[in-house]
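**Q** Next one to model:
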Amino acid sequence: MALTLNHFSIRTTDLQTTRNFYENVLGLTVGPRPDFPFPGLWMYRGGHDDVANAVVHIIAMDPDDAEGLKKYLGDRDASSLRGSGAVDHVAFFADGLAGMLAHLQRQGVTPRQRTVPSIGLHQLFLDDPNGVVIELNYPASERAALPG
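**A** Below is the predicted model:
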């Protein structure tokens, strides 16, 4: 059996701020989403013609109408939605490190950076508005090509 990551989902009480992070910081785009009985967005990397490109599913908790979400996915206390719980982080492979560092600086986001020479990766760690840690993995050669 072969497994690949399809998507990860984030429950939030602040849909717009969460959308802005994934759209403006990571460059994902809002695309088609089934008509679920609760608000939310699917964020795509690449074309909107393939749901496999919907890598982040944002699930909005509407305090005025929580029944659709409760019936579909189960109930969660809104106070439990900070951080990533038992999941430590979600990671993406990426390229274009210099461009992303400049982009993050313009967005006012300061990543935590690490290089793992033994596997040839340079990592950026970011926190989304819900406290979920996002890891971006670049070829270490891209870091070596940067000044300083």
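**Q** helix/strand/coil for residue 17?
**A** helix (DSSP: H, G, I helix; E, B strand; the rest coil).
**Q** so how far is residue 104 from it?
**A** Counting by C-beta to C-beta, to the nearest Å, the separation of residue 17 from residue 104 is 17 Å. All C-beta spots, glycine's among them, are computed from the backbone N, C-alpha and C.
**Q** Show me which of those two is the more surrounded one.
**A** Under the neighbour definition other C-beta atoms under 10 Å, residue 17 and residue 104 were set side by side, and residue 104 has more, 17 against 12.
**Q** Give me the secondary structure label for that one.
**A** Residue 104 - assigned by three-state DSSP - is helix.
**Q** Whichever strand or helix holds residue 55 pairs with which strands, parallel or anti?
**A** Secondary structure from DSSP states H and E places residue 55 in strand 54-60. Next to strand 54-60 in the sheet, as set by DSSP bridges, lie strand 8-12 (parallel), strand 40-44 (antiparallel).
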